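**Student:** pasted the sequence and its predicted model underneath.
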There are 2 protein chains.
Amino acid sequence: MQWVKVLGGVVGAAALLGLGIIVGHFAIPKGADSPAPSASASQDLDLKILETVIEQLDANRIRENLRELSKEPHLATTPRDEALVQLLLQRWQDPESGLDSARTTEYEVLLSFPSGEQPNRVAVVNSTGAILFSCRHSEENLTGEQGGPNVVPPYAAYAPPGTPQGPLVYANQGSEEDFKELQNKGVKLQDSIVLTRYGGVGRGAKAVNAAKYGVAGVLVYTDPKDINDGKSLPNETFPHSWCLPPSGVERGSYFEYFGDPLTPYLPATPSSFRLNSDNASGFPPIPIQPIGFEDAQVLLCQVNVSVHNRLELRNSSNVLGIIRGAVEPDRYVLYGNHRDSWVHGAVDPSTGTAVLLELSRVLGTLLKKGTWRPRRSIVFASWGAEEFGLIGSTEFTEEFFSKLQERAVAYINVDISVFANATLRVQGTPPIQSVVFSAAKQISAPGSSGLSIYDNWIRYYNRSSSVYGLVPSVGTLGAGSDYAPFIHFLGISSMDIAYTYDRSKTSARIYPTYHTAFDTFDYVDKFLDPGFSSHQAVARTAGSVLLRLSDSLFLPLNVSDYSETLRSFLQAAEDLRVLLEQHGISLGPLVTAVERFEGAATAFNQRIATLQEGTPDPLQVRMINDQLMLLERTFLNSQAFPEERYYSHVLWAPRTGSVATFPGLSNAYSQAKNAGHEPAAWAEVQRQLSIVVAALEGAAATLRPVADL
Amino acid sequence: MQWVKVLGGVVGAAALLGLGIIVGHFAIPKGADSPAPSASASQDLDLKILETVIEQLDANRIRENLRELSKEPHLATTPRDEALVQLLLQRWQDPESGLDSARTTEYEVLLSFPSGEQPNRVAVVNSTGAILFSCRHSEENLTGEQGGPNVVPPYAAYAPPGTPQGPLVYANQGSEEDFKELQNKGVKLQDSIVLTRYGGVGRGAKAVNAAKYGVAGVLVYTDPKDINDGKSLPNETFPHSWCLPPSGVERGSYFEYFGDPLTPYLPATPSSFRLNSDNASGFPPIPIQPIGFEDAQVLLCQVNVSVHNRLELRNSSNVLGIIRGAVEPDRYVLYGNHRDSWVHGAVDPSTGTAVLLELSRVLGTLLKKGTWRPRRSIVFASWGAEEFGLIGSTEFTEEFFSKLQERAVAYINVDISVFANATLRVQGTPPIQSVVFSAAKQISAPGSSGLSIYDNWIRYYNRSSSVYGLVPSVGTLGAGSDYAPFIHFLGISSMDIAYTYDRSKTSARIYPTYHTAFDTFDYVDKFLDPGFSSHQAVARTAGSVLLRLSDSLFLPLNVSDYSETLRSFLQAAEDLRVLLEQHGISLGPLVTAVERFEGAATAFNQRIATLQEGTPDPLQVRMINDQLMLLERTFLNSQAFPEERYYSHVLWAPRTGSVATFPGLSNAYSQAKNAGHEPAAWAEVQRQLSIVVAALEGAAATLRPVADL
């Protein structure tokens, strides 16, 4: 295929060089456990070591990790969450299989919990206020694991307390359009309680949208059509299948932003300045409560909702473990996942943490044996309080902002590692595509197909690349997990790796027991990944990516792969051209900037290829690697989106406009179009265009020969 | 002396290492003009080369440069300014003494000029409007150089046009306090014209302050007491002495910010988004016009001011020249000065440009001969349109933001190189102190004292350091010249170097002919620096600093020297403690953060010393140098001062509060104190404190061993 040839120019050459170096590597006897103080500056990826790591990643150990991790509910900051902090520390400090060092970082963060004394309640009442029907306070204890004091009752984290009462109105997904339509139909929304189903818009957005119409309270339920492929009967659902039982309720954070709500842009250390919680923004404006579909289907008439959630300052820990780089200890490859769950969290997040622990064990063992030490430093992280809004990871990026901006090569996130057993699914920035492809080609897919993970993947998710032909499609990064602060706030090349569905077999919005008390070990063991071979496949893929990033002499990031994204954004921008030109705005500079980026990236790749043919000196390699590492940072502009907390990446900020082009341009254009001839709105379009042009020109400048003027 | 010992730990060791390497350096024969492609990674400062450079910097050549540069007025963007662009390009492209390459970068920027047809006018009128007296439109042509079409008449750049008329009120320096006092005395300010003298507050601030009291127009004059040590008679002033003649008028920019007014945070390329000039901020709100003291002393009663300034979009060029680094071409040491003047600009800026050209000639000659190539890249810059608000340099930092943030080691600014002949004067961030001291000790002071520049300097400006004992005092950097965008916007270690006054002999606010038509070659040649030995001293000092920064194996920046600044800020903050604690704000975390920084910096210096004793590998050196280079960046916080355009350095942002502590803290405290018990004002104090604490903790983290968690 075409793409093998082109990609080969970069990746293939690195692999060949690697082979050359293996000989030297194994010819030199290794010290037992203290690595040689002056490592070889030309140390490169060792394919033998890579093979060893892949081989040793063990499905059964992942299964045992998962059993232990998901044994008890471990909601953020609860005693069991803290016990898992100790488990991680112990693993990473193990004399046989631990890392160089491990520690925790603790933050004091604002979380939200239901009251212990006054349970939240949803009830149907008659005109005198007498209760005719009451929704469940908790899920049905079907397997013995849904009961007990540590199962947090279903609630909407950060929903304000209140006891609104009113007639029930069904509002579909609670989107802006849904409410507009109800209003147009003459449905009275003022002082009503609206029933919405999960999906379509974010959780908190349902309350934000509802409040604009005077709605008093919001209910959210999980529709069997959206999550169970329509199945809803007890004997069709868990524990008889992977489907959500009628009493299951999706918990979740209803906070609009991410990070600790009281300390935006500051680490939530005990002494940090905190907003008064009355002044904090991003909380739902009205009470909101999630319920199961069992209850949703019987609700009628007048409904009373009692929400007694409380905001609490809690101490939440991250656990960090490091393997010191032999040659470039000041370059970090980060690999992380959150630790906290809503209940037992077997799938979310423990499938990821189980993989994390297995990967750190295998690498730790090689390290302790003295067999291997990476070229660059590896940082493993277990984040706290992700479920409340990526809090642990965000506070970490705030605390170590400078150090990470200066030194982080890439961030690998493996949150839920297995949604289902069909195929690999990767989201990330374009430069990580090539290293993921290299890894995926090397590893066999689970099952008996005989295909590589790559060849299996391309069957499920693919696209036609103008450069490579048919390739698996790598998705873009939103803000769904802990990669968000790394890519949006720090501009670090990031990715999220998992195994997932065959979309022809299920239309489930996400795995059915997501954020419910039914997300348990048995659920994974029986329905999600019996045999844990998908877990192993993710461990191997992510492990290979990690090793390639930490050990390759030249960083395996292909900056040229940004060109396809830029071309597609540019193509989409052509749809705006007519109206832009009517307002005196030219796309010319953008076209030129994209062309310059492409030219600079192509020439840069050629310089790498030339260097790889010779024996580049260590500082030449470092120079190239710095360009590779820092390219992503050049897309940050802290002036671009002042209203969007943490978002400063001009290519990946949230896009609300309908045209799939540069987000700032798309959003400003969409607003200007609605505003008619308002000059300020069109000025903002021009400003956003200039911001993107400046970023692309800056990116091209970073890729050009460093002493070019 | 005590400080020699302590400083010796860092600088002395580097010098010794340098000596060791010279042997090797001279043992290897050099290629004629193409430097060896693979330079030695251990290349260090070559003391012999340094000596050669210092020796070859020639006073007479500087004088000839100055004569050429100041031959004609060269206001930004005028034909003569463009001719100087060509002169610089020619010099830097010279086959015998040029650099590796040179080019211009051009920006389209908004400047302000007086009308050619309607001269600005200041007149005393009677009640019928008849003119009783009219101020001069231009300075007296005393030497034949004050006349002609290229001498721009005195005006206040960016002052709005208008023809206000009203009774004249003397308002001292036009500070907030001055107007408050006038109001308290019952003086009617509404619709008046106020006469103010230069000094005390910024130019534009006089109009901003006046407009708040309904003042219709402002005049600004130069008081002989402030500039001439009281001398005001024609026979006491130029051409009979260095003093300003009675007709002399200081021109200047009255723009409040810096950079192109229409493209904040964006490079002013032709296609960039531009604010409508009606929406641009930072211009004086009312007409304002500067006059000479000759006219100021006769003004009475009703005054009519006619200002006909016009805003114009002009193309302004920077000239850039580069010497490619042999070992680390991706590390830049920048050396720059502006090129544009108000009139002939012999002192401002040509004394600096004359030195720049001599320094680039000497280095270019060594380069072309193949004798030398620096370890790091050197970038020489001639900035355009500085006089209008540091425009060329600011647009440059906006255009190359990412590249510079990632790679710039330091910025050396030599604007006016000679104010007077008494002593060296240096402003800069603390880490540059040690390299300036090293340079200044090596070079003889002009005159017959037999002292080094350092020993002479310490006689005029000194302070008692808790670490070093008595040392010359290095001043702080405001926004007076092109270093401002480098330090405040980009966080690059910066300095400004000049020769200056004996303050016991003159109290002149600045050299008397500053920004007037009397700032000519003869003025410099006869009064400011006959023999040009002070110019030579500055060339040698700045040249030595440049070479040390570009050539030393370890960057000669001493991060520990920030500790004294932090201690002094902390000490000053103690004065705030009582009131802070009354509002529940503790200084404890700040004290801890300063201690942690000190500890990290000390340990870091010890690691450098240890490495210097051995033979560190290239990547170890690079790692340390990256920490040295990037420390200054860790003090940037784009959230800290959202209202202060470009200012993001939490230690050097403008301080308006009276307490000499961290500027954000000082300013917020001062506002909160005035606001009484306003909780939001005290919350801002706590926020600013947290921002500084986070920055210091981040700085300490950057200095710690890179693989420490």
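**Tutor:** Good, I have the coordinates. Quick caveat, the model's predicted, so the values are computed rather than measured.
**Student:** what residues does the stretch 101-250 of chain A put near chain B?
**Tutor:** Contact residues (C-beta under 8 Å from any C-beta of the partner chain) of the stretch 101-250 of chain A with chain B: A:S101, A:A102, A:R103. Glycine gets a C-beta too; all of them are placed from N, C-alpha and C.
**Student:** gap between the residue of chain A positioned farthest from its centre and B:A420?
**Tutor:** Most distant from the centre of chain A: A:T128, at 48.1 Å, with distances by C-alpha atoms, centre = their mean. From A:T128 over to B:A420 the distance is 94 Å, taken as C-beta to C-beta, to the nearest Å.
**Student:** how many neighbours does A:E643 have?
**Tutor:** When counting by other C-beta atoms under 10 Å in any protein chain shown, one arrives at 5 neighbours for A:E643.
**Student:** swap that for A:G370, please
**Tutor:** 15.
**Student:** for it, what are phi and psi?
**Tutor:** Reported as degrees, to the nearest 10, the phi and psi values for A:G370 are phi 80, psi 10.
**Student:** show the pLDDT at it.
**Tutor:** A:G370 is assigned 94 on the pLDDT scale.
**Student:** pop out the phi and psi values for A:P374.
**Tutor:** According to degrees, to the nearest 10, A:P374 has phi -70, psi 160.
**Student:** A:A326 is in contact with that one, correct?
**Tutor:** Yes: with contact defined as C-beta atoms under 8 Å, A:P374 reaches A:A326; the gap is 6.7 Å.
**Student:** tell me which of the two has more neighbours.
**Tutor:** A:P374 (27 against 21).
**Student:** mind checking the SS state of the residue nearest to the more buried one when sequence neighbours are not counted?
**Tutor:** Once flanking residues are discounted, A:P374 sits nearest to A:S550: 4.0 Å by C-beta to C-beta, 6 or more residues apart in numbering or on different chains. Here A:S550 is recorded as helix under DSSP: H, G, I helix; E, B strand; the rest coil.
**Student:** ok, A:S550 - contacts?
**Tutor:** By C-beta atoms under 8 Å, 6 or more residues apart in numbering or on different chains, the contact list for A:S550 reads A:G325, A:V333, A:P374, A:R375, A:R376, A:S377, A:I378, A:V409.
**Student:** ok, it to B:K526 distance?
**Tutor:** 67 Å.
**Student:** what do you get for A:A157?
**Tutor:** 78 Å.
**Student:** what of A:L356?
**Tutor:** 76 Å.
**Student:** tell me which of these two has more neighbours.
**Tutor:** A:L356 (30 against 14).
**Student:** so who does the residue in the stretch 51-200 of chain A positioned nearest to chain B touch?
**Tutor:** Using C-beta to the nearest C-beta, the single residue of the stretch 51-200 of chain A nearest to chain B is A:R103, 4.8 Å away. Listed by C-beta under 8 Å, 6+ apart, the contact partners of A:R103 are A:L89, A:V319, A:L320, B:L709.
**Student:** need the three-state assignment for it.
**Tutor:** Taking three-state DSSP, the label given to A:R103 is strand.
**Student:** bridging residues for it?
**Tutor:** A:L320 (DSSP bridges).
**Student:** pLDDT wise, what is it at?
**Tutor:** On the pLDDT scale, A:R103 gets 92.
**Student:** what of A:G9?
**Tutor:** 33.
**Student:** the spatially most central residue of chain A: what's it in contact with?
**Tutor:** With distances taken as C-alpha atoms, centre = their mean, the residue of chain A nearest its centroid is A:S481 (3.0 Å). Neighbour list for A:S481: A:H338, A:E386, A:L390, A:N413, A:D415, A:D496 [criterion: C-beta under 8 Å, 6+ apart].
**Student:** how many neighbours does the closest residue to it other than its chain neighbours have?
**Tutor:** Excluding its sequence neighbours, the residue lying closest to A:S481 (C-beta to C-beta, 6+ apart) is A:D415, at 4.3 Å. A count of nearby residues for A:D415, using other C-beta under 10 Å, gives 22.
**Student:** surely A:D415 and A:L477 touch.
**Tutor:** No: applying C-beta under 8 Å, one finds A:D415 not in contact with A:L477, separated by 11.9 Å.
**Student:** many thanks, I have nothing further to ask.
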